[in-house]
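A.B. asks: Have a look; sequence and predicted model below, questions after that.
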Amino acid sequence: MTNYILPREQTVERIDKLCGRLFELWCEERKLVPLAYLLHCWPLTGHDAAAIKRLADTMSDLSRFQPGKLSTRESIVVREVIGSAREVVGTPLPRGAAAAHGASALWTRVWRANAAGQAPAVAVADFLDGPL
């Protein structure tokens, strides 16, 4: 059986690779505004929660305040970076927002259950979307 919930280190490495792809793409296309947002918080200096939260917040600002600067493909990658970073940090996604890989329902249930002091209610259907 495949482990769909990646350990923290692997998730951070995935975030770093996605940011590297965005960096290369935005450099090639000379997209200065998105590149400025990315370089404000990347490359990650470590796996500390503060750096990862800053990345999630900055990419969230980019997608919220400069949506016209991103193509559809870039928006999807940016949302995946945001969702993965927030999952690593433990920050719940904003209400109504879905993680790029479909695991937001799982993480919302786990977060709410932990806040209420209950055991998380995880269904098999939460894992059917597949890996990142």
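C.D. replies: Structure's in. What do you need?
A.B. asks: what stretches of the protein score poorly on pLDDT?
C.D. replies: 1-6, 91-132 (pLDDT under 70).
A.B. asks: That one: strands as residue ranges?
C.D. replies: Using DSSP state E, the chain contains no strands.
A.B. asks: Quick check: longest helix in it by residues?
C.D. replies: When the chain is parsed with DSSP state H, its longest helix is helix 8-28.
A.B. asks: contacts for that helix?
C.D. replies: 6, 31, 34-35, 38-39, 42-44, 47, 52, 55, 74, 77-78, 80-81, 84-85, 87-88, 132 (Cβ atoms under 8 Å, 6 or more residues apart in numbering). (C-beta placed from N, C-alpha, C; glycine too.)
A.B. asks: Mind checking which of the residues you listed are in helices?
C.D. replies: 34-35, 38-39, 52, 55, 74, 77-78, 80-81, 84-85, 87-88.
A.B. asks: Now a ChimeraX select for only the buried ones of those.
C.D. replies: Selection of buried members from those for ChimeraX, criterion 16 or more other Cβ atoms under 10 Å:
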select :34,35,38,52,55,74,77,78,80,81,84,85,87,88
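A.B. asks: And the ones in helices among the contacts of helix 8-28, which two are furthest apart?
C.D. replies: Within the ones in helices among the contacts of helix 8-28, 35 and 87 form the most distant pair, 25.0 Å apart (Cβ to Cβ).
A.B. asks: How many residues are close by the nearest residue to residue 60 once chain neighbours are set aside?
C.D. replies: What sits nearest to residue 60 in space, not counting adjacent residues and going by Cβ to Cβ, 6 or more residues apart in numbering, is residue 82, at 5.4 Å. When neighbours are defined as other Cβ atoms under 10 Å, residue 82 has 25 of them.
A.B. asks: for residue 26, same thing?
C.D. replies: Other residues lying near residue 26 total 21 when counted by other Cβ under 10 Å.
A.B. asks: Distance of it relative to residue 67?
C.D. replies: From residue 26 across to residue 67, the span is 15 Å (Cβ to Cβ, to the nearest Å).
A.B. asks: And for residue 21?
C.D. replies: In this view, residue 21 and residue 67 are 19 Å apart by Cβ to Cβ.
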